[in-house]
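Trainee: here's a sequence, model it:
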Amino acid sequence: MNQITFIKLIKTSAWYDLFVTWVLTIPITSIFLIDFLNIIHSDFWLAHSFWSFDPIHMIFVNMLGAVSFFWAILRIKHASRLLGYYDAVIRLVLAGIILFYLCYYNISLLLLSFFFTEIIFGFLQITFFYKTKK
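Mentor: The predicted model follows:
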């Protein structure tokens, strides 16, 4: 595994984040996304519940969406081995949080798709970090 491949992986994960999180940064589009996810949850009769979102929840969705969006831009513009490591750690922490909510609160299994994405990118980036030299 080489540094160039690692940088490409970092940028790929950043582009994924950019694509997924831009909608969360804007109040109107995030409301539509939450409604859309709720419809998918219902239409596919997924187990557990899909929470309703009050305005206080949505402000946190928008703030965290903005942080994720700009973190993705930072990794696209200034991809480095260190940012790849930090991103991997963040992803594994997020996967742990998602898993906790899936198990403890029985929330929608729709979040498994986000869980697996975080796990895959997190482990790939940690692996590349330790297998590439400075």
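Trainee: pull out the buried residues from the helix or strand of the chain with the lowest mean pLDDT.
Mentor: Across the helices and strands of the chain, mean pLDDT, DSSP states H and E gives its lowest value to helix 27-43, namely a mean of 90. By neighbour count with 16 or more other Cβ atoms under 10 Å, helix 27-43 contains the buried residues Ser30, Ile31, Leu33, Ile34, Asn38, His41. From N, CA and C alone the C-beta is placed, and that goes for glycine too.
Trainee: before we move on, what about stretch 116-134?
Mentor: Thr117, Glu118, Ile119, Phe121, Gly122, Leu124, Gln125, Ile126, Phe128, Phe129, Thr132.
Trainee: over to stretch 63-82?
Mentor: In stretch 63-82, counting by 16+ other Cβ under 10 Å, buried: Gly65, Ser68, Phe69, Trp71, Ala72, Arg75, Ile76, Ala79, Arg81.
Trainee: and that stretch, average pLDDT?
Mentor: Stretch 63-82 carries an average pLDDT of 97.
Trainee: please report how far Ile26 lies from Met58.
Mentor: Using Cβ to Cβ, to the nearest Å, Ile26 is found at 11 Å from Met58.
Trainee: common neighbours of the two, please.
Mentor: Shared contacts of Ile26 and Met58, defined by Cβ atoms under 8 Å, 6 or more residues apart in numbering, are absent.
Trainee: ok so, going back, just send the buried residues of stretch 116-134 back as CSV, with pLDDT and secondary structure too.
Mentor: Shown next, in CSV, are the buried residues of stretch 116-134 (pLDDT from 0 to 100; DSSP: H, G, I helix; E, B strand; the rest coil):
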residue, pLDDT, secondary structure
Thr117, 97, helix
Glu118, 98, helix
Ile119, 98, helix
Phe121, 98, helix
Gly122, 98, helix
Leu124, 97, helix
Gln125, 97, helix
Ile126, 97, helix
Phe128, 95, helix
Phe129, 96, helix
Thr132, 91, coil
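Trainee: now, which of the residues you listed sits nearest Phe6?
Mentor: Of all the buried residues of stretch 116-134, Phe6 sits closest to Phe128, with 4.1 Å by Cβ to Cβ.
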